[in-house]
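Asker: just to be clear, the model below is a prediction. Sequence and coordinates:
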Amino acid sequence: DQQVKQNSPSLSVQEGRISILNCDYTNSMFDYFLWYKKYPAEGPTFLISISSIKDKNEDGRFTVFLNKSAKHLSLHIVPSQPGDSAVYFCAASGSGSARQLTFGSGTQLTVLP
Amino acid sequence: ETGVTQSPTHLIKTRGQQVTLRCSSQSGHNTVSWYQQALGQGPQFIFQYYREEENGRGNFPPRFSGLQFPNYSSELNVNALELDDSALYLCASSLGGLDYTDTQYFGPGTRLTVL
């Protein structure tokens, strides 16, 4: 039972345009959400996060939107750059001492020059 | 400030053997989590250590065990290796405590191949 789902395995976008990556979750106990970017042969790199008390968080070119009623979050990258090409993972954590991260299966973003 | 480091980078073992993977946390972090990432999937939580005590465990059998040392470095031990244990093993460190915004920072991983 996948609690965090990224239904698009891949996405291609033209350089300079907007990239929108989507993520759905099923566990109502999740209260903190993160996006990580992963290049081949490297560990995931933290990008941006959002808590359940907010519906939007911005950091430079990256914006994360959270729709709690729909249990959906999205990552917007504007403008997209070729260096953004990587696998993007959505992750969620809930209350509890461990605050373990539950990851989606990832979306491969390719930004075309 | 140094980031999270892991050793070795790659490892090849045979079925039934035992393996130890190592992780050094980011400076100032007292919590370490281990994840297994199979090919084409997202990382899966194995367990977490906070101040040298196991602080949570995912759905992994007891042959996966760990240690955290006083300097907050950590080991992941896997006994009786199975072919399905072939994966990228990721270590992540964080500040720990009760702050729900505690972000985990990952190392580059150890690629384990079991033949």
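Answerer: All right, it came through fine.
Asker: could I get the full set of strands for chain B?
Answerer: Secondary structure of chain B (DSSP state E): strands at B:5-7, B:10-13, B:19-24, B:31-37, B:44-50, B:53-57, B:64-68, B:74-78, B:87-94, B:105-106, B:110-114.
Asker: buried set for the third one?
Answerer: By neighbour count, and taking 16 or more other Cβ atoms under 10 Å in any protein chain shown as the criterion, the buried residues in strand B:19-24 are B:19, B:21-24. C-betas here are computed from N, CA, C, even on glycine.
Asker: below-threshold pLDDT in the chain: ranges please.
Answerer: Went with chain A since none was named. A:1, A:96-98 (pLDDT under 70).
Asker: oops, wrong one, chain B.
Answerer: B:1-2, B:97-101.
Asker: right, and the strands of chain B - which one's nearest chain A?
Answerer: Chain A sits nearest to strand B:53-57 of all the strands of chain B, at 2.4 Å, using Cβ to the nearest Cβ.
Asker: that closest one pairs with which strands?
Answerer: Sheet pairing for strand B:53-57, assigned by DSSP bridges, gives strand B:44-50 (antiparallel).
Asker: quick one: contacts of the strand it pairs with?
Answerer: Residues outside strand B:44-50 that contact it (Cβ atoms under 8 Å, 6 or more residues apart in numbering or on different chains): A:97-98, A:100-103, B:30-38, B:54-60, B:64, B:66-68, B:74, B:76, B:96.
Asker: filter the residues you listed down to the buried ones.
Answerer: A:98, A:100-103, B:30-37, B:55-56, B:58, B:60, B:64, B:66, B:68, B:74, B:76, B:96.
Asker: residues contacting B:Thr110?
Answerer: B:6-11, B:21, B:88-89.
Asker: over to B:Glu53?
Answerer: By Cβ under 8 Å, 6+ apart, the neighbours of B:Glu53 are B:Gln68.
Asker: likewise A:Tyr32?
Answerer: So A:Tyr32 contacts A:49-52, A:92-94, A:99, B:100-101 (Cβ under 8 Å, 6+ apart).
Asker: beta partners of it?
Answerer: In this entry, A:Tyr32 is beta-bridged to A:Ser51, A:Ser93, by DSSP bridges.
Asker: what's the distance between it and B:Leu11?
Answerer: Distance of A:Tyr32 to B:Leu11, computed by Cβ to Cβ, to the nearest Å: 33 Å.
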